[in-house]
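Asks: Sequence plus predicted model, see below.
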Amino acid sequence: MEILAESTAISVINVPAEKINLTEWLFTLKEEEYQACSPAHIACGTSISKDGKRLSINVELVGDSLLVQHYMEEIGEKDHCLVYSLADSISSAGNARLGVTWELKVKKLSGTFCELSNHVVVSLTPEFSALLTKANITDLTPIKNSMQQNLEMHNKEETPLFANDMEAKALAGIWTD
């Protein structure tokens with residue numbers, strides 16, 4: 001799949017990496033906690049797919065697109081969580097689906113600090129390509145530039161707030177082995 005936009009944002013968490021559980025954080029995130037991490041975050045919830053995988057359902061406004069993401073768990077470890085969604089994108093250009101990969105990683109920096117990496121990749125789908133063709137858009141450069149700018153701005157905003165939420169939960173002892 002062709003990549004339309006890709007962004008990684010990094011933030012320090014002031015607890016040992018061993019105290020963080022990314023996958024449990026994502027799949028137990030309360031709606032008000034999600035909303036507190038960006039004004040663009042509208043709603044979130046969880047569900048289970050037909051084949052028993054966990055889903056994180058997020059609704060957010062990135063740029064001028066309302067995105068409804070149905071993230072399916074692909075990697076679910078304490079220090080590495082990767083989810084994928086065929087996200088519904090609703091904008092003035094029309095409605096289509098985009099491929100969105102969201103990957104969170106925690107890396108130990110010291111015995112008392114760790115680093116959160118929030119990596120997002122938006123991919124072209126045949127459905128989105130057809131929408132662009134219908135609108136006589138053949139040059140993807142302006143679309144990619146706009147998506148890249150919006151994604152980077154959103155990722156830089158939410159990542160430190162995700163890290164703060166994770167830190168508070170780790171300090172409260174939310175995740176125990």
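Replies: Alright, I've got the coordinates.

Asks: Run through the neighbouring helices and strands of the host helix or strand of A87.
Replies: If you go by DSSP states H and E, A87 is part of strand 80-91. Applying 3 or more CB pairs under 8 Å, 6 or more residues apart in numbering; DSSP states H and E, one finds that strand 80-91 contacts helix 22-28, strand 65-76, strand 94-108. In short, each C-beta sits where N, CA and C put it, glycine included.

Asks: helices and strands of this protein: which one has the lowest mean pLDDT?
Replies: helix 126-134 (a mean of 92; mean pLDDT, DSSP states H and E).

Asks: Report the distance from that helix to the chain centre.
Replies: 23 Å (CA atoms, centre = their mean, to the nearest Å).

Asks: Check stretch 36-55 too.
Replies: So, by CA atoms, centre = their mean, the centroid of stretch 36-55 is 10 Å from its chain's centroid.

Asks: for that stretch, which positions count as buried?
Replies: Neighbour-count burial for stretch 36-55, counted by 16 or more other CB atoms under 10 Å, picks out C37, S38, A40, H41, I42, C44, R54, L55.

Asks: now what about it, what contacts it?
Replies: 27-29, 31, 34-35, 56-62, 66, 70-73, 76, 154, 157-158, 161-162, 165 (CB atoms under 8 Å, 6 or more residues apart in numbering).

Asks: now do the same end-to-end measure for stretch 24-33.
Replies: 14 Å (CA to CA, to the nearest Å).

Asks: Setting aside sequence neighbours, what's the nearest residue to E77?
Replies: Distances taken as CB to CB, 6 or more residues apart in numbering place T23 nearest to E77, at 6.3 Å, with adjacent residues excluded.

Asks: and if you look at E157?
Replies: That would be S38: by CB to CB, 6+ apart, it lies 5.4 Å from E157.

Asks: Then the one you found would be within a strand, right?
Replies: No: going by DSSP: H, G, I helix; E, B strand; the rest coil, the assignment for S38 is coil, not a strand.

Asks: Tell me the pLDDT of it.
Replies: S38 carries a pLDDT value of 96.

Asks: Geometrically speaking, which residue is the centre of this structure?
Replies: W102 (4.4 Å; CA atoms, centre = their mean).

Asks: where does this protein dip in pLDDT?
Replies: By pLDDT under 70, the low-scoring segments of the chain are 177.

Asks: what residue of it is the furthest out?
Replies: N136 (29.8 Å).

Asks: List the residues that contact that residue.
Replies: With CB under 8 Å, 6+ apart, N136 has no contacts at all.
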